[in-house]
Each structure stands twice: as structure tokens, then as C-alpha cells.
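In: I would like the atomic coordinates for the input below:
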Amino acid sequence: MTDLATNAATRWGLGHARLRFVAGRENQVYRLSDASVDYALRIKRPGYRSSVELESELQWMAALAQAGLLVPRPVSSQAGRLLEEVNGHQVDLLTWLPGQTLGAALQEDPAPDIDGLFHALGRQMAQLHDASDAWVPPASFSRVRWDAEGLLGEAPVWGRFWEHPALSADDRRLFEHFRSAARRDLDRMQDRLDFGLIHADLVRENVLLHGERIGLLDFDDGGWGYRAFDLATTLLKFIGSPTYPALRDALLRGYQAVRHLDLDTLDLFLALRATTYVGWVVPRLGEAGAQERSQRYVTAAREVCQRCIPRLPAA
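Out: Okay, here's the model as predicted:
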């Protein structure tokens, strides 16, 4: 893959740049260093997104950067394209954002100012949603839809979570019950839910702290969805932590300081977010560490669904 990355870098006139592997999951990511400038070269996972979807992601990121948000800015190739095909792989190049991930910052001793961090992150999420609403996508724009169908339909974005092969009979019944009740609730509230472009993966590894600013990374899963889904994605991984009540309050206060959101729906979206991970892990069960990860996802989804179901409307 390194040879492919070196070949791809030439499309941007950077074949001479120092190349260093950074991460690999949906994308193989390399850091290109050219004199005093760094870039992120991303080699896309074949089949995960269409060329139109990938180009749409880059157009959206460019618009967010233009609006003043701290996000990686797409860089055009020497041929003037944001996306290049190299040996059958789709490749793009982004500006490199320096800084520390939120996950790394939370491990520091002494602990950071959690209230300040999450308040600022809530504001940044709201600004992301505001900037996305202000942008007019081109007619060709196409991204995944985290709507009722994409979360709970027959073919959810991340898979049929209620059919995870390792579910107990009780868990299967629980998830099927949740799926039906949550779909009714979403359909009932459709007219009052804030819906638009969302990041959809604002976990701590995708939030970057750079001085007084907060950057947002990895828009691979971004698309059309409910705005509360973004907040739920950030909060879900902290449920059970002693700091959860404080960081939840700070995140919501920060968001509400910029943009209004119906917070009564947040528990529903925490459960919806949790079930998506159960579906996501199914095609990856053969990977190293996937069984332990799968058990963790199922346990988390079981707990939040059990808390959520009593508040959902009966059939």
C-alpha cells in the first residue's frame, strides 16, 4: 500500500514528500510532509462509498472550511480534481490539522477542564449544523441518509442490528421491540425533528484540540440525519463514566447557546446510536479483537434500549 500512496502523491506533485502511515480502517491514511507543509493522503476502502459520495464529502468539507470551521480542507490535484483514481483506488488529499485528540486530552494528568471542553464542543457542533444549513449543495450531491429508514428500516446504513448472530433470544426480542417502538416515535415526531447534514461520527478520536480551537476530523460517515444524532454519538461512549452528567450538561449548554434543539429526544438517539454499532460490527466479526468489541456494543445497546423503551409510545 505504501507504493500505491507514493504513486498517488505524484498526482498532487508530492512524489518527493516524506510519507508516513498514520491509520487504517475505512481509509488508509498517510501523512505527507513537504518542507513545512503537511497533508493527509487518504486511500479509500474499495466499495465503501461511490465516487459521487466521496466527491460530495469533499465539497461539503470545503464549504465548512470556507465558513470558518476548523476542518481538513480538500486539496485539488495537479489535474484540478479533488478525487483521483490510482490503480483502482480512490484517493484524496487534505490539509493536515495539528493538535491533540479529545481522547488523548482526557487521559492527561491533571485532567483538563471538562466543562470548558465540552461546552466548546457543543458550540462547534451547532456551528457545524448552522454552516451546513447555510450551504447550498450542488445538484449532484449524494451522501448516506441517517434517517428513520437508514437507522431502523429493512436495510439500515450499518446493518440489521437485530439479526446480529451472537444475540441471545432475549436481546433479539429487546432489539426487535426497540426497533418497532423507535420507528413509531420517529414517525410521530418527524415534523419537529431538526434534520440536515450531520457529521455522524464525532467520537473523541475525531475531535481535535488545537490551542483555543476545536477541529472536526473524519467526515467519512457524514450525511443527512437528525442533529441530535451528532450529540448522541459524542455522549454514548461516556455513559457510565462518573463525569458523564457534567460533560453531558456542558455539551448541551454549549450547543443550545448557538442553536436550539429539542433535548427530549436525546435518550432515543442515544439508543439509536448504540444499536448502529451492533450492526456495524457484524461484517467485521472475523477481525482481531472484534468479538470483545461486539460484546461491548451489545451490552451498551441493551442497557440504553432498556432505559429508553418505557418512554416510547405503545403500538
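
In: show me where the stretch 101-250 of the chain has strands.
Out: Using DSSP state E, counting those that start in this stretch, the strands of the stretch 101-250 of the chain run over residues 144-146, 195-198, 207-210, 213-216, 223-226.

In: so which elements touch the second one?
Out: What that stands for is strand 195-198. helix 114-134, strand 223-226, helix 227-236 (3 or more C-beta pairs under 8 Å, 6 or more residues apart in numbering; DSSP states H and E). Placement of C-beta: from N, CA and C, glycine included.

In: so which of the ones you listed gets nearest residue 5?
Out: Comparison of these against residue 5 by C-beta to C-beta identifies strand 223-226 as nearest, at 26.7 Å.

In: how far off centre is that closest one?
Out: Centroid separation for strand 223-226 versus its chain: 11 Å, with C-alpha atoms, centre = their mean, to the nearest Å.

In: which secondary structure elements does that strand sit against?
Out: strand 144-146, strand 195-198.

In: nearest to residue 53, of these?
Out: Across these, residue 53 has its closest neighbour in strand 144-146 (7.2 Å, C-beta to C-beta).

In: about what we covered before: got a markdown table for the helices and strands packed on strand 223-226, with mean neighbour count and distance to residue 237 too?
Out: Output for the helices and strands packed on strand 223-226, formatted as a markdown table (neighbours: other C-beta atoms under 10 Å; distance: least, C-beta to C-beta, whole Å):
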| stretch | mean neighbour count | distance to residue 237 |
| --- | --- | --- |
| strand 144-146 | 20 | 18 |
| strand 195-198 | 20 | 17 |
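
In: nearest to residue 128, out of the strands of the stretch 101-250 of the chain?
Out: strand 213-216 (6.5 Å).

In: one step back: dump the helices and strands packed on strand 195-198 to CSV, plus distance to residue 58 and mean neighbour count.
Out: Output for the helices and strands packed on strand 195-198, formatted as CSV (distance: least, C-beta to C-beta, whole Å; neighbours: other C-beta atoms under 10 Å):
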stretch, distance to residue 58, mean neighbour count
helix 114-134, 14, 19
strand 223-226, 14, 24
helix 227-236, 20, 24
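
In: neighbouring contacts of stretch 238-253?
Out: 114-119, 121-122, 125, 231, 234-235, 263, 266, 270, 300, 303-304 (C-beta atoms under 8 Å, 6 or more residues apart in numbering).

In: do the same with stretch 78-95
Out: Contacting residues not belonging to stretch 78-95 are listed as 4, 7-8, 11-14, 32, 38-44, 46, 49, 51, 54-55, 58-59, 61-62, 72-77 [C-beta under 8 Å, 6+ apart].

In: just to revisit the earlier point, switch the helices and strands packed on strand 195-198 over to TSV; also include mean pLDDT and distance to residue 168.
Out: Formatted as TSV, the helices and strands packed on strand 195-198 follow (pLDDT from 0 to 100; distance: least, C-beta to C-beta, whole Å):
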stretch	mean pLDDT	distance to residue 168
helix 114-134	97	35
strand 223-226	98	29
helix 227-236	98	22
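
In: residue 255 is nearest to which of those?
Out: Residue 255 sits nearest to helix 114-134 of all the helices and strands packed on strand 195-198, at 3.8 Å, using C-beta to C-beta.

In: export the closest one as CSV, just CAs?
Out: What follows is helix 114-134, C-alpha atoms only, in CSV (Å, rounded to 0.1, in the frame of the first residue of the first chain):
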residue,chain,number,x,y,z
ILE,A,114,-14.1,19.1,31.0
ASP,A,115,-16.8,21.7,31.4
GLY,A,116,-15.0,24.1,29.2
LEU,A,117,-14.0,21.5,26.6
PHE,A,118,-17.5,20.0,26.2
HIS,A,119,-19.2,23.4,26.2
ALA,A,120,-16.9,24.5,23.4
LEU,A,121,-17.5,21.2,21.5
GLY,A,122,-21.3,21.7,21.8
ARG,A,123,-20.9,25.2,20.3
GLN,A,124,-18.8,23.8,17.5
MET,A,125,-21.4,21.1,16.7
ALA,A,126,-24.1,23.8,16.5
GLN,A,127,-21.8,25.9,14.2
LEU,A,128,-21.3,22.8,12.0
HIS,A,129,-25.1,22.4,11.7
ASP,A,130,-25.6,26.2,11.1
ALA,A,131,-22.9,26.2,8.4
SER,A,132,-24.3,23.1,6.7
ASP,A,133,-27.8,24.7,6.6
ALA,A,134,-26.4,27.9,5.1
